[in-house]
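Undergrad: structure here, sequence nowhere to be found:
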C-alpha cells in the first residue's frame, strides 16, 4: 500500500486527459499485470502519478485485478486531484478486501479532502476497529473530531491515544485544544499548564496556555517564560498578549511575524485568528467578528483554525464571550 499523496496537479490532469489517443499494448498475462502494478507503485513513489495511472488502467483492464491495484490507482487519482474517481476505486478495493484497514484510512483521507468530515470520520472509525491500537489513526481521529466540532469526542479520542502512546505530546495538546475551542478555558489552561511543566521551552504550548489563562481567567506567571523564549514566532504572540494594549502596536507586531521565504512565521489564517482572540481578550470583542470572518476565508476548510473561527463567530453573534461548559 503506497502512502496517499494529495498533491493537486491541474496541469498533469490536463496532460492525462490527452493520453487516451496513445494506445498502449494490452497486457498478455497475470504475471505481466503484477509486474506492471509494481512498476506503477514505483512511479507513485517517484511522484509520477500520471504514468502510474496509465499503468494501472492497463492492469485493471486485463481483469482479475487485486484490491491493491485499485488502492494504488486511487492514490494516483488522489495525487491528480481526482478525488471522486479515487473514492470509486477505494469502494471497489473494499468490496474485494473489506477488512483492509489501510483502504478505509485511504478513503477517510479522500473524504477529508472533499470536505466530507463526517464520512471521513466514519471511514476512520472502520480503520480503527480493524487496527485498534494504532496511534497514528487515533491522532487523526482526535484531529477530525476537532474539525467536526465534536469536542467531547475529541477529548475521548485523545484520552484513548494517551493510553496507547505513553507521554504523548499530541494527546496532551489535543485535549487542551479541544477544551479551548469548546470554550472551557479554565480546563484548557490547566492542561497546558501541566504540559509546560515538562516542556517550558515550547512556544506553541505557551501561547495556548496564555490565551486560555487570559480568557478563563487563570493565573499567569509571566516570569516563567523569560528564560525559555527563542526565535519561534509564537513567543512573539505571547509577548503581544503580555504587553500590547494598543491596536496599532499589536497590528505592527503581529504583521512583523508573518511567514516569509526566509523564516518560519505565522500564516494569514493564524494572524487573523489571533487578532480576533486578542480583540476578545483586550477589547471585549470589539472588531473581533471581522477578524474571525477573515480567518474563515484564510484558513483551510479541514483545519482546526477554521472550526475555531466558526465557533468564535457564533459566540460573538449570540452576545456571549464567557466560559462555555466543562468537558471533563
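TA: Cool, got the structure. The structure presented is a predicted model; accordingly, all values stated were derived computationally and were not measured.
Undergrad: pull the helix or strand with minimum mean pLDDT from the chain.
TA: helix 10-17 (a mean of 30; mean pLDDT, DSSP states H and E).
Undergrad: in this structure, which segments are predicted with low confidence?
TA: 1-28, 227-228, 260-262, 321-328 (pLDDT under 70).
Undergrad: which stretches in it count as strands?
TA: Using DSSP state E, the chain contains no strands.
Undergrad: measure the most centrally placed residue in it to residue 168 for me?
TA: Nearest to the geometric centre of the chain sits residue 303, at 5.3 Å (C-alpha atoms, centre = their mean). Separation of residue 303 from residue 168 (C-beta to C-beta, to the nearest Å): 21 Å. To be clear about C-beta, it is placed using only N, CA and C from the backbone, and glycine gets the same treatment.
Undergrad: ok, now how distant is the closest residue to residue 57 other than its chain neighbours from residue 96?
TA: Among residues not flanking residue 57 along the chain, residue 73 sits closest, at 7.4 Å (C-beta to C-beta, 6 or more residues apart in numbering). Using C-beta to C-beta, residue 73 is found at 13 Å from residue 96.
Undergrad: neighbour-wise, which of those two wins?
TA: Between residue 73 and residue 96, residue 73 has the larger neighbour count (other C-beta atoms under 10 Å), namely 29 against 15.
Undergrad: okay but the more buried one is in contact with residue 60, surely?
TA: Yes. Here residue 73 reaches residue 60: they are 6.7 Å apart, a contact under C-beta atoms under 8 Å.
Undergrad: any idea how many residues pack against residue 239?
TA: Residue 239: 16 neighbours (other C-beta under 10 Å).
Undergrad: start the count at 29, not 1, going forward
TA: Sure, I'll start numbering at 29, so the last one becomes residue 267.
Undergrad: residue contacts, residue 319?
TA: 300-301, 303-304, 307 (C-beta atoms under 8 Å, 6 or more residues apart in numbering).
Undergrad: now do 10 Å
TA: Contact partners of residue 319, counting by C-beta atoms under 10 Å, 6 or more residues apart in numbering, are 299-308, 337, 340-341.
Undergrad: as CSV, those with distance to residue 286 and neighbour count would be great.
TA: CSV is the format used below for those (distance: C-beta to C-beta, whole Å; neighbours: other C-beta atoms under 10 Å):
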residue, distance to residue 286, neighbour count
299, 6, 22
300, 11, 24
301, 13, 26
302, 11, 23
303, 12, 23
304, 16, 25
305, 17, 24
306, 15, 23
307, 18, 21
308, 21, 23
337, 18, 26
340, 21, 24
341, 23, 18
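Undergrad: between residue 101 and residue 88, which contacts overlap?
TA: Joint contacts of residue 101 and residue 88 (C-beta under 10 Å, 6+ apart) are 65, 117, 120.
Undergrad: looking at those, which is nearest residue 228?
TA: residue 117 (48.0 Å; C-beta to C-beta).
Undergrad: please enumerate the helices of the stretch 229-356 of the chain.
TA: Along the stretch 229-356 of the chain, the stretches classed as helices by DSSP state H, counting those that start in this stretch are 231-243, 261-271, 275-283, 296-311, 316-326, 332-345.
Undergrad: any idea how far the residue nearest to residue 85 is from residue 139?
TA: Where residue 139 is concerned, residue 101 sits at a distance of 17 Å (C-beta to C-beta).
Undergrad: same check on residue 159?
TA: For residue 159 relative to residue 139 (C-beta to C-beta), the value is 18 Å.
Undergrad: who has more neighbours out of these two?
TA: More crowded of residue 159 and residue 139, by other C-beta under 10 Å: residue 139, with 23 against 16.
Undergrad: show me the contacts for residue 115.
TA: Taking C-beta under 10 Å, 6+ apart, we find residue 115 in contact with 102, 105-106, 134-135, 138-139, 141-142, 144, 147, 151.
Undergrad: identify the contacts common to residue 101 and residue 124.
TA: In contact with both residue 101 and residue 124: residue 93, using C-beta under 10 Å, 6+ apart.
Undergrad: now residue 322: closest residue in space, sequence neighbours ignored.
TA: residue 300 (4.0 Å).
Undergrad: cool, and residue 218?
TA: In space, residue 218 is closest to residue 246, 7.4 Å off (C-beta to C-beta, 6+ apart).
Undergrad: burial count for that neighbour?
TA: There are 18 residues near residue 246, going by other C-beta under 10 Å.
Undergrad: same deal with residue 126?
TA: Using other C-beta under 10 Å: residue 126 sits among 12 other residues.
Undergrad: over to residue 144?
TA: 17.
Undergrad: wait, what's in contact with it?
TA: 111, 115, 136, 138, 150-151, 330.
Undergrad: narrow those residues to those in helices?
TA: 111, 115, 136, 138, 150-151 (DSSP state H).
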